[in-house]
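**Student:** Got a sequence here, can you model it:
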Amino acid sequence: MSHSEEENLQDHLQEDIVKEALASGQDLREYSKQVEVELASCEQASIQDYISQAGNIAQLHTQISSCDGILARMENLLLSFQTDLGSISSEILTLQQESVDMNLRLKNRQSVRGELSQFVDDLVVTEQLITTIMETPVSEQQFLEQLQVLDHKIEFLKEQSFREARAAQDVKDVLEKLKIKAVAKIREYFLLKINQFKKPLANYQIPQNAMLRFKFYFQFLQKVNREVASEVREEYIDTMSKIMFSYFKSYSGRLAKLQFEESASREDLLGAEESQSKGFFFKPSLKNKTTVFSVGSRDEVLSAELEAPIIVPHAQQKTDQRYPHEMLFRSVQYALVDNACREFLFISEFFMLDTNTAQELFNNIFGKTLSVLVKQADSFISDSFDCLSVFLCIHLVQRYQLLCHKRCVGGLDRYWENLNGVLWPRLSNVMQMNIVSVREFDTTRRRPADVRPHYSTRRYAEFSAAMVGINETFPHEQMNRLLAMLQEEVEGLILRLASQFPTRKEQLLFLINNYDLVMSIVIERTKDDSKESETFREQLKTRSEEFVSLVLENHFGHLIQWSKEAERKLDAGDLEGLRAEEKRVSNIIGDFSRDWKKSLDSINGEILSSFPNLKLGTSLLQQALTTLVQYYHRFSRVLGVAPLSQIAATGQLINIHQLMVEVKRYKPNF
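**Tutor:** Have a look, this model is predicted:
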């Protein structure tokens, strides 16, 4: 038996039926026959079933044949549909390609049409353009709009001419004629507006505003006809130059008639002698003369009046009102600032100029005007001895220069420099005259009549306070140096005047009164930390201490002198020396106990009557009484030390508290 047969036999042995037959112990031959019989029986039964179902099978066969026909037809239909779909897909691809091509052609045509339409629009000259340029007045808004259209077409024509476009030649003549007509009308319009400036009492700002509204016209002239543009600009410069020169020359001349009739002279220097030689019934006319040494309300020209309306001469002449020079100077300069700033901004905008070119044009307009104003200022300043007026003018120049810069106009910078070149030398010169007048003050011929403040000190106090007050906002180092020189000379003058008194007490009274006057006025009108107030405060303190010591020496000199000597001996340990002072100190105690109240009354009357300034006198009285209490305390402290504590006279000593209570009686109620 082969290997494959053996494997086949093994497979059959694994079948359930074979396993059951082997398990039952039956004979396989019998079992085989039995199976064959069963198979034959089943075959016969199957044949009978088939015969019985023969009709159904025939019917099924017919139906299957019919289905095969239907499926064949369906197969043909689907094959035809597949063929049709293939042709449709090909047509769709063809249509898609045609659509892309058509879209590209459409875009190309639209692009060409847009360019061509814009080209035609830029080049064609419409009936409205021709009619407006030829017939519409220049002052109409419609003319401005159509002129902008014409300007665009002229620029476009130039561009196309460079490209040698034939269509440009068709409209060249028409545009040229329109350009000539527009230039002629604009030239006539501008010259008419400029001529309106020349009319008497005309406000030139009105036609200026009209010109500024149509500033495109000048821009158009510069593009198409520079000769006409230059003509308009030169006519404007010439006209405005004459107007400004005439206005400011006339205005400053009429203002000069409003100045105070009497002005400062050489007789109004700090060291000049007070003059009353004009007759017994002479009274100075204050309304016709400004203050020379005190500023009063004159410094308002730098604050409240700085940007106030300018002075109108004919209106003020009716009221016969007069002004100090700095007020008239302010009015002229403020009028100049307003007109110059407006003019600078106008020419920069209207003529479309950069800063340097605008400055050159501005100088052409205002050159003669600024020159005459500088000459007029120089003419007045050269004869002025009023330092306050000149210094106020210097600060006006500085403030108006800042105002111009705030308005972004630097056209007047050179003018301000020229004014300073006139004002500062004169101010320095007059300040030096004042310094020399103080230095050369003859104290022997003009000695002080009493210990009250001297007139020259009052002049200096008012003058110094005024100059320092003005100089605080915008400090000038040059002025600080001049004031320092003046202060040094005044301090020397006060000392020289004081030396004319025979006694030291009178000298101190004079010094204290003068120092107090200067310090009071300077502190009242300037900052507390000014150099002038600090210097005179120190001088006043030193002289006050000396005066207090002198007054106390006159009334309590023995007590004060002995207290100082006794303290020195006590510090040196000289007890024997102190013991030898018993008789002397007993006399001092007796004198003090007897006269101290009377002496206090005497000191009170002496000090208060010596000073016209009650506040100063009261302050010095309190200083003297305080110093007395301190000396008495020292005196009592020394007497409390052995061997002086055993002196019988110490029983006469008043209590220090009693002295302090009595001192408080002299304390002021204010």
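**Student:** Look up which helix or strand Arg304 falls in, please.
**Tutor:** That one is not Arg; residue 304 is Ala. Here Ala304 sits in a region with no helix or strand, counting by DSSP states H and E.
**Student:** where does it sit relative to Ser389, distance-wise?
**Tutor:** In this view, Ala304 and Ser389 are 18 Å apart by Cβ to Cβ, to the nearest Å. No exception for glycine: its C-beta is placed from N, CA and C like everyone else's.
**Student:** And those two? Which one has more around it.
**Tutor:** Counted by other Cβ atoms under 10 Å, Ala304 and Ser389 do not tie: Ser389 has more neighbours, with 28 against 10.
**Student:** State whether that one is indeed within a strand.
**Tutor:** No: judged by DSSP: H, G, I helix; E, B strand; the rest coil, Ser389 forms no part of a strand; its state is helix.
**Student:** Could you double-check that it lies in contact with Pro324?
**Tutor:** Yes: at 6.1 Å, Ser389 counts as touching Pro324 under the criterion of Cβ atoms under 8 Å.
**Student:** how about the closest residue in space to Leu639 that isn't next to it in sequence, what does it touch?
**Tutor:** Beyond its immediate neighbours in the sequence, the residue positioned closest to Leu639 (Cβ to Cβ, 6 or more residues apart in numbering) is Thr650, lying 5.6 Å away. The neighbourhood of Thr650, defined by Cβ atoms under 8 Å, 6 or more residues apart in numbering, consists of 589, 639, 644.
**Student:** does Thr650 sit in a helix, a strand or a coil?
**Tutor:** Quick answer, by three-state DSSP: Thr650 is helix.
**Student:** helices or strands up against the helix or strand where His152 lies?
**Tutor:** When elements are defined using DSSP H and E, His152 is found to belong to helix 141-162. Secondary structure elements in contact with helix 141-162, counted by 3 or more Cβ pairs under 8 Å, 6 or more residues apart in numbering; DSSP states H and E, are helix 54-123, helix 127-135, helix 167-196, helix 215-224.
**Student:** Wait, Ser348 touches Asn356, no?
**Tutor:** No: no contact is recorded between Ser348 and Asn356 when judged using Cβ under 8 Å, the distance being 10.9 Å.
**Student:** If you count surrounding residues, which of the two has more?
**Tutor:** Looking at Ser348 and Asn356 with other Cβ under 10 Å, you find the greater number of neighbours at Ser348, namely 20 against 8.
**Student:** for that one, what are its contacts?
**Tutor:** With contacts defined as Cβ under 8 Å, 6+ apart, Ser348 is in contact with 355, 358.
**Student:** Helix, strand, or coil at it?
**Tutor:** Here Ser348 is helix, with the state taken from three-state DSSP.
**Student:** how much space is there between it and Lys193?
**Tutor:** According to Cβ to Cβ, Ser348 and Lys193 sit 18 Å apart.
**Student:** With Asp516 instead?
**Tutor:** Asp516 is 67 Å from Lys193, by Cβ to Cβ.
**Student:** quick one, which of those two is more surrounded?
**Tutor:** For Asp516 versus Lys193, the count of surrounding residues by other Cβ under 10 Å is larger for Asp516: 26 against 20.
**Student:** Local confidence estimate at that one?
**Tutor:** Per-residue confidence for Asp516 comes out at a pLDDT of 90.
**Student:** Nearest residue to it in space, please, no chain neighbours.
**Tutor:** For Asp516, the closest residue by Cβ to Cβ, 6+ apart turns out to be Leu616, at 4.9 Å.
**Student:** ok, Met211 - contacts?
**Tutor:** Remark: with contacts taken as Cβ under 8 Å, 6+ apart, Met211 is in contact with 190, 193, 218, 350.
**Student:** The last one contacts Leu212, doesn't it?
**Tutor:** Yes: counting by Cβ under 8 Å, Phe350 touches Leu212, with 5.8 Å between them.
**Student:** Centre-most residue in this protein?
**Tutor:** Centroid check for the chain by Cα atoms, centre = their mean gives Lys406 as the closest residue, at 8.0 Å.
**Student:** For Arg399, see how far away that one is.
**Tutor:** Computed with Cβ to Cβ, the distance linking Lys406 and Arg399 is 10 Å.
**Student:** Over to Gln539?
**Tutor:** 35 Å.
**Student:** can you check Val430 too?
**Tutor:** Applying Cβ to Cβ, the value for Val430 to Arg399 is 22 Å.
**Student:** cool, Thr62 as well?
**Tutor:** Distance from Thr62 to Arg399, counting by Cβ to Cβ: 128 Å.
**Student:** returning to what we had before: which one of the contacts of Met211 sits closest to Glu567?
**Tutor:** Of all the contacts of Met211, Glu567 sits closest to Phe350, with 89.5 Å by Cβ to Cβ.
**Student:** The nearest residue to that closest one once chain neighbours are set aside: what's it in contact with?
**Tutor:** The shortest distance from Phe350 to any residue other than its chain neighbours is 5.0 Å, reached at Lys215 (Cβ to Cβ, 6+ apart). By Cβ under 8 Å, 6+ apart, Lys215 lies in contact with 349-350, 352.
**Student:** tally of neighbours for the nearest residue to Ser437 once chain neighbours are set aside?
**Tutor:** With sequence-adjacent residues excluded and distances taken as Cβ to Cβ, 6+ apart, Ser437 is closest to Gly271, at 3.0 Å. By other Cβ under 10 Å, the residues close to Gly271 number 21.
**Student:** same question, Gln652
**Tutor:** With other Cβ under 10 Å as criterion, Gln652 counts 13.
**Student:** didn't it look like it was pressed against Ile589?
**Tutor:** Yes: under the criterion of Cβ under 8 Å, Gln652 lies in contact with Ile589, with a separation of 5.3 Å.
**Student:** that older thread, and Thr62 and Arg399? Which one has more around it.
**Tutor:** A side-by-side neighbour count of Thr62 and Arg399, using other Cβ under 10 Å, places Arg399 first with 21 against 10.
**Student:** which SS state does that one fall under?
**Tutor:** Classification of Arg399 using three-state DSSP returns helix.
**Student:** show me the contacts for it.
**Tutor:** Listed by Cβ under 8 Å, 6+ apart, the contact set of Arg399 reads 302, 306, 474.
**Student:** Make a ChimeraX selection of the buried ones in those residues.
**Tutor:** What follows is the ChimeraX syntax for the buried subset of these, where burial is set by 16 or more other Cβ atoms under 10 Å:
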select :302
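**Student:** As JSON lines, the contacts of Arg399 with distance to Glu489 and pLDDT would be great.
**Tutor:** Conversion of the contacts of Arg399 to JSON lines gives the following (distance: Cβ to Cβ, whole Å; pLDDT from 0 to 100):
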{"residue": "Leu302", "distance to Glu489": "27", "pLDDT": "89"}
{"residue": "Leu306", "distance to Glu489": "33", "pLDDT": "88"}
{"residue": "Phe474", "distance to Glu489": "25", "pLDDT": "85"}
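**Student:** before we move on, back to that, can you tell me which of the helices and strands packed on helix 141-162 is most buried?
**Tutor:** helix 215-224 (a mean of 18; mean count of other Cβ atoms under 10 Å).
**Student:** If I take the helix or strand following that helix and helix 167-196, what angle do their directions form?
**Tutor:** The element immediately downstream of helix 215-224 (helix or strand, assigned by DSSP H and E) is helix 226-256. Computed by axes from the mean of the first three to the mean of the last three Cα atoms, to 10 degrees, the angle separating helix 226-256 from helix 167-196 equals 10 degrees.
**Student:** Report the inter-axis angle for helix 226-256 versus helix 215-224.
**Tutor:** Here helix 226-256 runs at an angle of 140 degrees relative to helix 215-224 (the same axes, to 10 degrees).
**Student:** what's the neighbour count on Val548?
**Tutor:** 22.
**Student:** do you know how far it is from Asn103?
**Tutor:** From Val548 over to Asn103 (counting by Cβ to Cβ), the distance is 114 Å.
**Student:** Give the full set of residues in contact with Asn339.
**Tutor:** Applying Cβ under 8 Å, 6+ apart to Asn339 gives the contacts 244, 247.
**Student:** With that, I have no additional questions.
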